[in-house]
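A.B. asks: sequence? don't have it. structure:
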């Protein structure tokens, strides 16, 4: 069976996902066959595996860092919030329905055998499993039947690294309070403390590190600096929305892309490749006044298409987008964003929203209609762009690949954006995807921009429209770019953590 190490945090967004990815890369570099694992993930960023199963993107990133293909075994339970008190529950890659939080809390102990089976299956195949916790292990109101923090550590008999976020302040109180709220058996599992996101002179921090070690009798195994690495992080959306670029004007010589920050936005990592390109200034917008005059507007996926469309209608963003499309500003809708662009939407079964049981008007920018049904589409796709017109006509015939995750069925899509092969089990079904009209484009394909050449073609067209020269020696290779970032992350983790002690805690040295 594999050796295991678990990363837990004093709070959400302490940096667990990124550190887990870094350790996956370090162990891979050191010659160990490594896999990530998170028993229960709550996120709207999901991914479809090669066998058509749904899982959280954080474990996909960690699998990429480990150099392996992601499988739903790495994230047996995924919760996708539908509102403030309920979530769609996905078990082993398949939705079993939507549950209020209290109902799920009572139900989740029935899933322990599923979690154990998924973990054991991975442990039989790999040398090391890097396990990620969720939130904080010190949520004393949630500790009963815990399956994601210390409960998971016990199932896997894993030593635990406890990570505190110094960037938010109070890191010593975070670490001390978390440890003190644990039971003695739980504290015994913690092999080391990590201070994450540190900026400045570490020597100033050293006295505090000594004191916290004495207070909790657990060694500090590393101080990790605030990392300047460009890696998908499901906890980073808040930073994107409130940080640099929000509502700002584009930098001179750059393409300004405005992504509408929907309340229930999902799969925002679709745009990571665009934000990684040096020619692009990508920002998230949630107010009409911040939209300004971008070069491209993107409507992203959402867990509740109809409610988010009504939100845009009420706050003036829909009217602002319609005004800009009349000025020939291009718009791309992905998944739920594509559905919004159509003539009408209906949710007769109340799958996503009670507001849409009767058809409601869409943005009427594309000649399509969407009806939500009870069956979810989950599939990988590959194919080619159709005969595309408008500003992005150079996409015509280019190879594409990605995946679909949606409840709605969209009809009357002529002309299509792409011809794709849909992979469902062993069958390959050819079909059309998406629709376009003028400079408005819609597609169900997540990851549409990732295929080599697609993002370059988009940005080149936008720069030429703006009278700028697109100067590049070669096409932007997002896959190669990510590999460089994973290596950079691994070096920072290796330099910052006491890897000898971590290996020793796992029983490897």
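C.D. replies: Arrived safely, thanks for sending. The model shown is predicted, which means the values in this text are computed figures rather than measured ones.

A.B. asks: Near residue 33, how many other residues are there?
C.D. replies: With neighbours defined by other C-beta atoms under 10 Å, the count for residue 33 comes to 14. In this view, the C-beta of every residue, glycine as well, is placed from N, C-alpha and C.

A.B. asks: if I pick the nearest residue to residue 360 once chain neighbours are set aside, what's in contact with it?
C.D. replies: For residue 360, the nearest residue in space outside its immediate sequence neighbours is residue 345; the separation is 5.8 Å by C-beta to C-beta, 6 or more residues apart in numbering. For residue 345, the contact set (C-beta atoms under 8 Å, 6 or more residues apart in numbering) comprises 305-306, 309, 339, 356, 359-360, 362, 369-372, 408.

A.B. asks: what sits up against the helix or strand harbouring residue 503?
C.D. replies: In this assignment (DSSP states H and E), residue 503 forms part of helix 499-506. Helix 499-506 is contacted by residues 3-5, 23, 26, 128, 159, 161, 191-192, 219, 221, 509 when judged by C-beta under 8 Å, 6+ apart.

A.B. asks: May I have the distance across stretch 270-288, first residue to last?
C.D. replies: Chord length of stretch 270-288, first to last residue, is 23 Å (C-alpha to C-alpha, to the nearest Å).

A.B. asks: Can you mark which positions in that stretch are buried?
C.D. replies: Counting neighbours by 16 or more other C-beta atoms under 10 Å, one finds that the buried residues in stretch 270-288 are 270-277, 279-286, 288.

A.B. asks: Among those residues, name the ones in helices.
C.D. replies: Applying DSSP state H to the buried residues of stretch 270-288, the entries found in helices are 272, 273, 274, 275, 276, 288.

A.B. asks: got these as TSV, with pLDDT columns?
C.D. replies: Conversion of these to TSV gives the following (pLDDT from 0 to 100):
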residue	pLDDT
272	93
273	95
274	95
275	93
276	93
288	96
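
A.B. asks: Grab the longest helix from this structure for me.
C.D. replies: When secondary structure is assigned using DSSP H, the longest helix within the chain turns out to be helix 478-496.

A.B. asks: and that one, what other elements does it pack with?
C.D. replies: For helix 478-496, the contact count by 3 or more C-beta pairs under 8 Å, 6 or more residues apart in numbering; DSSP states H and E identifies helix 16-29, helix 57-66, strand 220-225, helix 272-276 as packing neighbours.

A.B. asks: Could you list every helix and strand in contact with the shortest one?
C.D. replies: Spelled out, it's helix 272-276. If contacts are counted by 3+ C-beta pairs under 8 Å, 6+ apart, helix 272-276 sits against strand 280-285, helix 454-465, helix 478-496.

A.B. asks: please redo it, this time with the cut-off set to 10 Å
C.D. replies: In terms of contact count using 3 or more C-beta pairs under 10 Å, 6 or more residues apart in numbering; DSSP states H and E, helix 272-276 is assigned the packing partners strand 255-260, strand 280-285, helix 454-465, helix 478-496.

A.B. asks: Report the spatially nearest residue to residue 63, omitting neighbours in sequence.
C.D. replies: Using C-beta to C-beta, 6+ apart, the nearest residue to residue 63 is residue 70, at 4.1 Å.

A.B. asks: Please give the three-state secondary structure assignment for the one you found.
C.D. replies: Reducing the assignment to helix, strand or coil with DSSP: H, G, I helix; E, B strand; the rest coil, the entry for residue 70 is coil.

A.B. asks: Against residue 411, how distant is the residue nearest to residue 360?
C.D. replies: 12 Å (C-beta to C-beta, to the nearest Å).

A.B. asks: part of a helix, is residue 103?
C.D. replies: Yes: the secondary structure assignment for residue 103 places it in a helix, going by three-state DSSP.

A.B. asks: For it, list the residues it contacts.
C.D. replies: Residue 103 makes contact with 86, 89, 97, according to C-beta atoms under 10 Å, 6 or more residues apart in numbering.

A.B. asks: Distance check, it against residue 56.
C.D. replies: If you go by C-beta to C-beta, the gap between residue 103 and residue 56 works out to 21 Å.

A.B. asks: Please convert the helices and strands packed on helix 272-276 to JSON lines, extending it with mean pLDDT.
C.D. replies: Conversion of the helices and strands packed on helix 272-276 to JSON lines gives the following (pLDDT from 0 to 100):
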{"stretch": "strand 255-260", "mean pLDDT": "97"}
{"stretch": "strand 280-285", "mean pLDDT": "96"}
{"stretch": "helix 454-465", "mean pLDDT": "95"}
{"stretch": "helix 478-496", "mean pLDDT": "96"}
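
A.B. asks: closest one to residue 200 among these?
C.D. replies: Ranking those by their distance to residue 200 (criterion: C-beta to C-beta) puts helix 478-496 first, at 14.2 Å.

A.B. asks: Identify each buried residue in the closest one, please.
C.D. replies: Buried residues in helix 478-496, counted by 16+ other C-beta under 10 Å: 478, 482, 485, 486, 488, 489, 490, 492, 493, 496.

A.B. asks: just those now: which is nearest residue 13?
C.D. replies: Using C-beta to C-beta, the shortest approach to residue 13 within these belongs to residue 489, at 17.0 Å.

A.B. asks: which residues does the closest one contact?
C.D. replies: With contacts taken as C-beta under 10 Å, 6+ apart, residue 489 has the following neighbours: 18-19, 21-26, 65, 227, 229-231.

A.B. asks: likewise residue 32?
C.D. replies: With contacts taken as C-beta under 10 Å, 6+ apart, residue 32 has the following neighbours: 2, 3, 24, 26, 66, 126, 127, 128, 503, 506, 508.
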